[in-house]
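Trainee: Coordinates for the following, if possible.
(one chain, ligands or ions: 2)
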Amino acid sequence: MAHKLAIFNMKGGVGKSATATNLAAGITKFTKKAKVLLVDIDPQGTSGASLGIPIWELETQLKDIFKSQSIEEKESLLEASILSTPQGVDVLPSNIFLAVEEISISGLPGRENLLAKAIAPIEDSYDYIIIDCPPNIGVFSINALKASDSVLVPVDMSYVGLLGVRGVEYAFDLVTNFLDHEINILGVLATRYDGRKIISRDVLKSLSEHFGDLLFNTTIPETVKISEAPSYGTSIFEHDPKGAGAKAYRALMKEVMKRW
Ligand SMILES: Nc1ncnc2c1ncn2[C@@H]1O[C@H](COP(=O)(O)OP(=O)(O)OP(=O)(O)O)[C@@H](O)[C@H]1O
Ligand SMILES: [Mg+2]
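Mentor: Ligands and ions are numbered 1, 2, ... in the order given. This is a model prediction of the structure:
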């Protein structure tokens, strides 16, 4: 059965999608024979688009699997919806139509378990499933947390980013108490780190004091190359293989694999 990791933070722009895509690409590239599925449960469609998936031309997508009722229908929709990238990562993409249907999806019975049910038929076909969440604690994020066995929380180096940590902990309490789903925090990741800035050093120190060993040793630097890679539809490992971003995401990948 696959390891299932949600990349979650209620705050926007902290590097969830950058981390989901580069982690998926890194595991595929550096771990022999590992099969990785990247699930995009964010209507922005960022992680699929970042690996070159034409998200505006999808014939079927994750939302269609949510709405299907029989296992047979789910299986055939999964086959039609999952697209492969040149990096060797399989992607189950979404786009804005996931948001368009949020209200009807929210009314379905068992609405918190739709993602767990959607990916159940293919779990054995993958070693790792990485789920990119939207920046909120709505029905899609709850689905991602319920479908996962672990969570990685990227936190950007800002005062507001630090405040957002309280919100993340509250969300974990909600899922644990109301949905009986124990959340294993695989780690907290400092993203967009710039050691020249006092705010970066201060936020990193606060995260380290608050989370102790849960904070990954790896920090993801703020680099132009990381921000450029999605516009080429590639991961940082193709866009700038020798740069600081690729080094950091490779180091993160190793830490993640050790903790799993
Ligand atoms: N380490 C980094 N250095 C520079 N730019 C980055 C870095 N990580 C992410 N970015 C850029 O910052 C923006 C937000 O990143 P990303 O989309 O990964 O965040 P997110 O948390 O997924 O956002 P959202 O909450 O909207 O889903 C993007 O333009 C991305 O390319
Ligand atoms: Mg995102």
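
Trainee: Next, count neighbours for Gly88.
Mentor: Using other C-beta atoms under 10 Å, the number of residues around Gly88 comes to 14. Any C-beta I mention is one placed from the backbone N, CA and C, and that applies to glycine too.

Trainee: quick one, what contacts Val89?
Mentor: Taking C-beta atoms under 8 Å, 6 or more residues apart in numbering, we find Val89 in contact with 21, 24-25, 28, 36-38, 51.

Trainee: which one among those gets closest to Tyr126?
Mentor: If you rank those by distance to Tyr126 using C-beta to C-beta, Leu37 comes first, at 4.7 Å.

Trainee: buried set for the least confident helix or strand in the chain by mean pLDDT?
Mentor: For the chain, using mean pLDDT, DSSP states H and E, the weakest element among its helices and strands is helix 159-179, scoring a mean of 88. The neighbour-count check on helix 159-179 (16 or more other C-beta atoms under 10 Å) flags 161-162, 164-165, 168, 171-172, 175 as buried.

Trainee: Format the contacts of Val89 as TSV; extra columns: distance to ligand 1 and pLDDT.
Mentor: Listed next are the contacts of Val89 as TSV, based on distance: C-beta to the nearest ligand atom, whole Å; pLDDT from 0 to 100:
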residue	distance to ligand 1	pLDDT
Thr21	8	98
Ala24	13	98
Ala25	13	98
Thr28	18	97
Val36	18	98
Leu37	18	98
Leu38	13	98
Leu51	12	98
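
Trainee: where does Gln69 fall, helix, sheet strand or coil?
Mentor: coil (DSSP: H, G, I helix; E, B strand; the rest coil).

Trainee: Could I get the full set of strands for the stretch 1-150 of the chain?
Mentor: Along the stretch 1-150 of the chain, counting by DSSP state E, counting those that start in this stretch, strands occupy 3-7, 36-40, 83-84, 90-92, 128-132, 150-156.

Trainee: List the contacts of the fourth one.
Mentor: Translated: strand 90-92. 35-40, 47-48, 51, 53, 61-62, 65, 78, 81-85, 119, 126.

Trainee: Right, I'll leave it there.
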